[in-house]
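**Student:** Structure for this input, please:
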Amino acid sequence: MNKKRQWAEEIYMKKVGFIGLGVMGIGMASNLLRKGFEVAVYNRTPGKAAILTALGAKELGSPSAVAGTSDVVITMISNDAAIREVYWGEEGIFTGARSGITLIDSSTISPTLAKELAAEAEALGAAFLDAPVTGSKPAAESGTLVFMVGGNTDKISEVEDILLAMGRKVIPMGANGSGSIAKLAHNTIVGINVVALAEGMAIAASGGIDGSAFIELVQSGGAASKAAEMKGPKLLEGNYEVQFSLELMLKDLRLSSVLSDSLSVPTPLLEASKSLFQVGESMGLGALDMSSVGQAYEQWIGRKLSGKSDNLH
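**Tutor:** Residues are numbered from 1 along each chain as shown. Next up, the predicted model:
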């Protein structure tokens, strides 16, 4: 009898679909599998699911197929255009989504698009949450992301176990679109901080200060920041392996610029930082980590930000 009661009281483990197996998606989906979730995956570019299928994921042939076999579908896609294709395409999520399914987008997209997705989901009898994350590749791999979520609070509670399998905190932000607004505001600060760090390092290097000593100072004083912690070593070593790419940061700053204009918020620091990331993109740095924007400063001052090389010309 006790065994029957125990069986009856077991919590149903939701079937999860994951679409978008890029730098972030691979780590996020891996953590879902390690926590025991049944996961179906799809990626627009073939060949990225091998790591996940080895962990037990089932690879399917379209977003529609993933939606058709899942209780919850999570998308982690690069931009608004790609999201539209994945959700509204010929074999998109909305062609396979059934009433009662919960759709979660963890991409960084425009708040307007997030609201459109929510309205379409509601018309199908489904729920939608815009749930972007903070934390780059290392946090996705370690399961320490923070989710900022827009949407119905009851729905957020229903999927909190899934989100916490990939992260350490879930913060409700308000109605649909609020998660996207919060993410753009947050990444505005991140972009500005990375540029500020590179600029400070450029001043120090030009004055003959060793970069390592300067970063130690920064982290010991009022200029301490997550940017210095994560990007300082990359700028010192010239190692621009991607945690979060320059092109994606530029995309986010462009979205934030559009948002701030619609809200009539003056954003001089946002615009200056966006221009510097545009310089980085014009230098061919888009696919590198966003800290590679420091290479623009190195060209301008004619030396490495580490202070170890006096002449780049």
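
**Student:** where do the strands sit along this structure?
**Tutor:** 15-19, 38-42, 58-59, 72-75, 102-105, 127-130, 133-134, 145-150, 167-174 (DSSP state E).

**Student:** which strands and helices sit next to the longest one?
**Tutor:** With contacts defined as 3 or more Cβ pairs under 8 Å, 6 or more residues apart in numbering; DSSP states H and E, strand 167-174 has these neighbours: strand 145-150, helix 153-158, helix 160-166, helix 178-206. Heads up, the C-betas are built off the backbone N, CA and C, glycines and all.

**Student:** What residues sit buried inside it?
**Tutor:** Judged by neighbour count (16 or more other Cβ atoms under 10 Å), strand 167-174 contains these buried residues: 167, 170, 172-173.

**Student:** Distance check, the closest residue to residue 237 other than its chain neighbours against residue 198.
**Tutor:** Spatial nearest neighbour of residue 237, chain neighbours left out: residue 306 (7.6 Å); criterion: Cβ to Cβ, 6 or more residues apart in numbering. Using Cβ to Cβ, to the nearest Å, residue 306 is found at 12 Å from residue 198.

**Student:** who wins for proximity to residue 241 among the helices and strands packed on strand 167-174?
**Tutor:** Of all the helices and strands packed on strand 167-174, it is helix 178-206 that lies closest to residue 241, at 15.4 Å by Cβ to Cβ.

**Student:** which residues of the chain score low on pLDDT?
**Tutor:** 1-12, 309-313 (pLDDT under 70).

**Student:** In contact with the residue positioned nearest the centre of it, which residues are there?
**Tutor:** Nearest to the mean C-alpha position of the chain, by Cα atoms, centre = their mean, lies residue 133 at 5.1 Å. Contact analysis of residue 133 by Cβ atoms under 8 Å, 6 or more residues apart in numbering lists 24, 106, 139-140, 145-148, 167, 183.

**Student:** same check, this time on residue 201
**Tutor:** Residue 201 sits next to 211, 214-215, 232, 235, 294, 297, 305 when contact means Cβ under 8 Å, 6+ apart.

**Student:** now these: which count as buried?
**Tutor:** Using 16+ other Cβ under 10 Å as the burial test, those include 211, 214-215, 232, 235, 294, 297, 305 as buried.

**Student:** how near is residue 131 to residue 113?
**Tutor:** Per Cβ to Cβ, residue 131 is found 14 Å from residue 113.

**Student:** Could you check which of these two has the larger neighbour count?
**Tutor:** residue 131 (29 against 21; other Cβ atoms under 10 Å).

**Student:** follow-up on the earlier one: CSV for the contacts of residue 201, including distance to residue 76?
**Tutor:** Below are the contacts of residue 201 laid out as CSV (distance: Cβ to Cβ, whole Å):
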residue, distance to residue 76
211, 34
214, 35
215, 31
232, 27
235, 27
294, 27
297, 31
305, 31
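
**Student:** Quick check: of the residues you listed, which lies closest to residue 120?
**Tutor:** Nearest to residue 120 among the contacts of residue 201 is residue 294, at 41.2 Å by Cβ to Cβ.

**Student:** contacting residues around the closest one?
**Tutor:** Residues in contact with residue 294, defined by Cβ under 8 Å, 6+ apart, are 198, 201-202, 235, 305.

**Student:** what's the farthest-apart pair in the residues you listed?
**Tutor:** Among the contacts of residue 294, 202 and 235 lie farthest apart (Cβ to Cβ), at 9.8 Å.

**Student:** Give me the common contacts of the two.
**Tutor:** Here residue 202 and residue 235 have 294, 305 as joint contacts, going by Cβ under 8 Å, 6+ apart.

**Student:** any idea how far the closest residue to residue 85 other than its chain neighbours is from residue 42?
**Tutor:** Distances taken as Cβ to Cβ, 6+ apart place residue 92 nearest to residue 85, at 6.9 Å, with adjacent residues excluded. Residue 92 sits 11 Å away from residue 42 when distances are taken as Cβ to Cβ.

**Student:** just residue 235 next, same as before
**Tutor:** Residue 235 sits 36 Å away from residue 42, going by Cβ to Cβ.

**Student:** OK, contacts around residue 71?
**Tutor:** By Cβ under 8 Å, 6+ apart, residue 71 lies in contact with 14-16, 100-102.

**Student:** one more time with 6 Å
**Tutor:** Contact partners of residue 71, counting by Cβ atoms under 6 Å, 6 or more residues apart in numbering, are 14-15.

**Student:** for residue 226, same thing?
**Tutor:** Listed by Cβ under 6 Å, 6+ apart, the contact set of residue 226 is empty.
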